[in-house]
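A.B. asks: no sequence on this one, just coordinates:
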């Protein structure tokens, strides 16, 4: 039985996975880091108490706040799929924009509320590094360059 053309080309030519796959996997990785950091924060008693009281780091947890937090998490989740299915040129620029937005968002979180915990700083370093890696990869991606295997092909 024959595998799809995308993996056949990669295996035959010994190429690394295509840019779409790399970007999508990076978005999976950073999304998990965002969620796991929040989960661990809820295990830290002072943060949990603040959450129960409805004010975290001086920020009131309202429905509007939770909606904005949900939207900020939806960006990397959506990018998992968009990285796989957008046309190459749009894919490149949407990844640059989303990666930059998420890096700025994460860095800005240090100036909102109280001083960050050690685990939050750790995860933030990982998250910002991953966001900036996505931006750098997308900027170097030349889907229309001669010899590119990603130019006009859509994933199957």
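C.D. replies: Sure, I can see it. Not measured: the values here are computed from a predicted model.

A.B. asks: so what's residue 48 up against?
C.D. replies: By C-beta atoms under 8 Å, 6 or more residues apart in numbering, the contact list for residue 48 reads residue 42. Where you see a C-beta, it was placed from the backbone N, CA and C, and this is true even at glycine.

A.B. asks: list the buried ones in the one helix or strand it maps to?
C.D. replies: Element membership of residue 48 [criterion: DSSP states H and E] is helix 45-53. Neighbour-count burial for helix 45-53 flags 47, 50 (criterion: 16 or more other C-beta atoms under 10 Å).

A.B. asks: Next SSE downstream of it?
C.D. replies: Using DSSP H and E, the helix or strand that follows helix 45-53 in sequence is strand 55-56.

A.B. asks: Not counting the first helix or strand past that following strand going along the chain itself, show me its contacts.
C.D. replies: Proceeding N to C from strand 55-56, the next assigned helix or strand is strand 59-60, under DSSP H and E. Applying C-beta under 8 Å, 6+ apart, the contact partners of strand 59-60 are 54, 65, 112, 113.

A.B. asks: Tell me which two of those residues sit farthest apart.
C.D. replies: Longest distance between any two of those is 16.1 Å, between 54 and 112; criterion C-beta to C-beta.

A.B. asks: Can you read off the pLDDT for residue 84?
C.D. replies: What the model reports as pLDDT for residue 84 is 94.

A.B. asks: What's the separation between it and residue 24?
C.D. replies: Distance of residue 84 to residue 24, given as C-beta to C-beta, to the nearest Å: 5 Å.

A.B. asks: So if I had to pick from those two, which one is more boxed in?
C.D. replies: Neighbours per residue (other C-beta atoms under 10 Å) separate residue 84 from residue 24, with residue 24 holding more: 22 against 16.

A.B. asks: If anything else comes up later, I'll come back, but that's it for now.
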